[in-house]
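Novice: the amino acid sequence is not available; the structure is as follows:
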């Protein structure tokens, strides 16, 4: 992007924070999280800087969701290439001197069978361990656009850590009966909700007697544009 807009030091800091959040958790931060991280007195200050970045064409703001921050594709390529772009080189080429993770890539999951069953593994990638704050156990190929506004797009590879419990607000891989889905977890008492990050998709409410199992939590993302 030869005509990259000039950013103030604070705007660059916020953009880096958004990139870090997407890289480490698979989702952009909320305004409140930005404010807390940078010491703002209120989320309004974070909103003002985000609006300025949107006016400069660096990102888009999606109304109606607390994490409605989307990086434009050319912005992501030019500003994040030195960090996220390393994935494209690390997927197949071991790098001497760096700790490597060997992560199986899970494609479509057959009904009723374990997510890491051999027939689901499409291939294995070698990825630098230091790219993740929490060690993933496998990569899951994302299907569909239900998590679009969290920055998770069709074809992306979600880095997943196997866990038996997750906190409210975390992006999880859940099994509902014979289907595996990526959604944001929300528990209210004994009620389990799986929230999409796209207004075109409805919230999934797990019935009390429903077949629900947690397959893991998202700990990172490999953008599909770097897999070409």
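Specialist: Yep, it's here. Bear in mind the structure is a predicted one, so any value in this text is a computation, not a measurement.
Novice: from here on, just use CA atoms for contacts and neighbour counts.
Specialist: Will do.
Novice: from residue 11, how far off is the residue nearest to residue 45 when sequence neighbours are not counted?
Specialist: Counting by CA to CA, 6 or more residues apart in numbering, residue 35 is the residue found nearest to residue 45 once chain neighbours are left out, at 7.2 Å. According to CA to CA, to the nearest Å, residue 35 and residue 11 sit 13 Å apart.
Novice: have a look at the two and say which one is more surrounded.
Specialist: More crowded of residue 35 and residue 11, by other CA atoms under 10 Å: residue 35, with 19 against 16.
Novice: can you pull the phi and psi angles for the more buried one?
Specialist: With angles defined as degrees, to the nearest 10, residue 35 sits at phi -60, psi -40.
Novice: now do the one 5 residues further on
Specialist: For residue 40, the backbone dihedrals (degrees, to the nearest 10) come out as phi -70, psi 150.
Novice: report the contact partners of it.
Specialist: Shown here is residue 40, whose contacts under the criterion CA atoms under 8 Å, 6 or more residues apart in numbering are residue 46.
Novice: okay, it and residue 147: tell me how far apart.
Specialist: Distance of residue 40 to residue 147, computed by CA to CA: 28 Å.
Novice: go on, residue 163?
Specialist: Distance from residue 163 to residue 147, by CA to CA: 20 Å.
Novice: same check on residue 60?
Specialist: For residue 60 relative to residue 147 (CA to CA), the value is 16 Å.
Novice: what about the two, which has more around it?
Specialist: Applying other CA under 10 Å to residue 60 and residue 147 shows that residue 147 carries more neighbours, namely 24 against 17.
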